[in-house]
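J.: Sharing a model prediction with you, sequence too.
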Amino acid sequence: MNTGQENHRPQASLLPQGDAAWTVEFGAGIDPVLHARVLALAERVRARRDVEPVLASVRDVVPTFRSLTVLFDPLHTDADALGRRLLDLSAAGGSSVHAGRRWRLPVCFAAEYAPDLAALSAACGLAEAAVVQRLTSTPFRVGMIGFMPGFPYMTGLPPALALPRLATPRKAVPARSLAVAGAMCCVYPWESPGGWRLLGRTPLPLFDLQRADEPAWLAAGDEVHWQAVDRATHDRLAADWARGSGSREAFLVPAEGVPCPVV
């Protein structure tokens, strides 16, 4: 099923995902306009599921760069009616969405945490300090969470730092590694095989099973600013979290945009 054109915007497509999910697809590729429409639909569904019977059995929404998957209880849902309502909501005027949260997160660029920093710097014709400066002066935007729980795909990498993935992936990337590949930036929440280029490490756990309400730290639409910290600060913050005394809220950037200190 497809929507008609409205305000010259590309039509959305409705794709079944078995008997318990619909995917609303807005287009192809990575485009901030498409992403804004995805996030707007996600917010509309969340806001209406307590007041619209057709949305009452929606269990979750999963945004990506260009689509939104809506999971529902098939035993208590008229799937076709839900699909039609999702298309109606996707065609609603405007693509504004509540602004995502803004974070200033620490990352340590010490050599033991950044095994690919020297090679990337050389390939890009930059000093290592210049690479770090670009990473820490650029806002990154979370497009989606995927690959593994809490793994954020972030756009915003300066073109001067764009290189393909490693020809030979690592069998084990350390947890909390900051990495880049192509035009993307990410953090590995868990130890995992991976082929992205490792440029640093954050002391913060980006996925925490103790927070049952919101185990993933980042969400689609969030903005991330990296703040370089030394090894001692990294270790102190990591120890705080290991003791259970860390606070996510301490790393939020206030609405007025004043950076939050992490030291």
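T.: The structure has been received and is ready for your questions.

J.: doesn't residue 50 make contact with residue 56?
T.: Yes: if you go by C-beta atoms under 8 Å, residue 56 and residue 50 touch, sitting 7.5 Å apart. C-beta here means a position set from N, CA and C on the backbone, and glycine is covered the same way.

J.: quick one, which of those two is more surrounded?
T.: residue 56 (15 against 9; other C-beta atoms under 10 Å).

J.: Which residue is the nearest non-sequential neighbour of that one?
T.: Closest residue to residue 56 apart from its sequence neighbours, by C-beta to C-beta, 6 or more residues apart in numbering: residue 49 at 6.0 Å.

J.: ok, so what distance separates that neighbour from residue 35?
T.: To residue 35, residue 49 is 22 Å away according to C-beta to C-beta, to the nearest Å.

J.: Tell me who's in contact with the residue nearest to residue 56.
T.: By C-beta atoms under 8 Å, 6 or more residues apart in numbering, the contact set of residue 49 is 55, 56, 58.

J.: burial count for the last one?
T.: What that stands for is residue 58. Residue 58 has 22 neighbouring residues, counting by other C-beta under 10 Å.

J.: what about the stretch 101-250 of the chain, any weak spots by pLDDT?
T.: Along the stretch 101-250 of the chain, the model assigns pLDDT under 70 to no residue.

J.: for stretch 33-52, the distance to its chain's centre please.
T.: Stretch 33-52 has its C-alpha centroid displaced from the chain centroid by 17 Å (C-alpha atoms, centre = their mean, to the nearest Å).

J.: so which strand or helix has residue 148?
T.: Using DSSP states H and E, residue 148 maps to neither a helix nor a strand.
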